[in-house]
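Peer 1: Have a look at this prediction, sequence included:
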Amino acid sequence: ELGAKRSVFGGPLRREQFPNVARYVGVDIHPGDGVDVVCDVHTLSRDLGGEQFDAVISGSVLEHLPMPWVAALEVIKCLKLGGVMFHNMPANWPLHELPADFWRSTSETFKVLFPAALGIETEATGAGYPMHLYMVDPPPNQSEFHTHLCYGFYGIRARKVRDVDLSGFSWPLRPSDVL
């Protein structure tokens, strides 16, 4: 689980939803309740080793990463062939946990982060928390803006269906280079 530290909002740890798994590893950049390994998701395969997990999950984590495309590649490197993943992140949600709130998503975001070209098959995408947004001071051509349905979150369930040589992929910057 990426972002495994107990939420500031409280509630049960996600690992409690999976009582029958043989091995559950909670990863977070900060130590705390629910965290087994403190590391940066941007260097996950280096810190944990590659292709060892049957599943990787994250809930409302990717929006807090300076470079989610790097983290996505790291997740793919750590996932076993046939392994599944689930990720979600907000589309229309207030900023939170500033200053580390960088991104918003759609279903298409996940298809780009976890593409077939990297051996990933999208099994499902979805949206949750339907809502209507209201502008405080809408421009004249947007008077009906609030009548259009939008969603608070989007997510993906995907599977690693083939191995791809990812050794040639690199990103020259580290999160500390841009923050």
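Peer 2: All right, it came through fine. Residues are numbered from 1 along each chain as shown.
Peer 1: Secondary structure element for residue 83, which one?
Peer 2: Per DSSP states H and E: residue 83 is located in strand 79-90.
Peer 1: Give me the secondary structure label for residue 167.
Peer 2: coil (DSSP: H, G, I helix; E, B strand; the rest coil).
Peer 1: quick one: the spatially most central residue of the chain and residue 144, what's the gap?
Peer 2: Nearest to the mean C-alpha position of the chain, by CA atoms, centre = their mean, lies residue 62 at 3.7 Å. For residue 62, the distance to residue 144 equals 31 Å [CB to CB, to the nearest Å]. Backbone N, C-alpha and C define where each C-beta goes, glycine included.
Peer 1: and residue 26, how many neighbours does it have?
Peer 2: 20 (other CB atoms under 10 Å).
Peer 1: Please disregard the earlier target; I meant residue 113.
Peer 2: 22.
Peer 1: Wait, it touches residue 70, no?
Peer 2: No: using CB atoms under 8 Å, residue 113 makes no contact with residue 70, being 10.0 Å away.
Peer 1: Any idea how far the helix or strand of the chain with the lowest mean pLDDT is from the middle of the chain?
Peer 2: Using mean pLDDT, DSSP states H and E, the weakest-scoring helix or strand in the chain turns out to be helix 175-178, at a mean of 89. When distances are taken as CA atoms, centre = their mean, to the nearest Å, helix 175-178 is centred 19 Å away from the chain's centroid.
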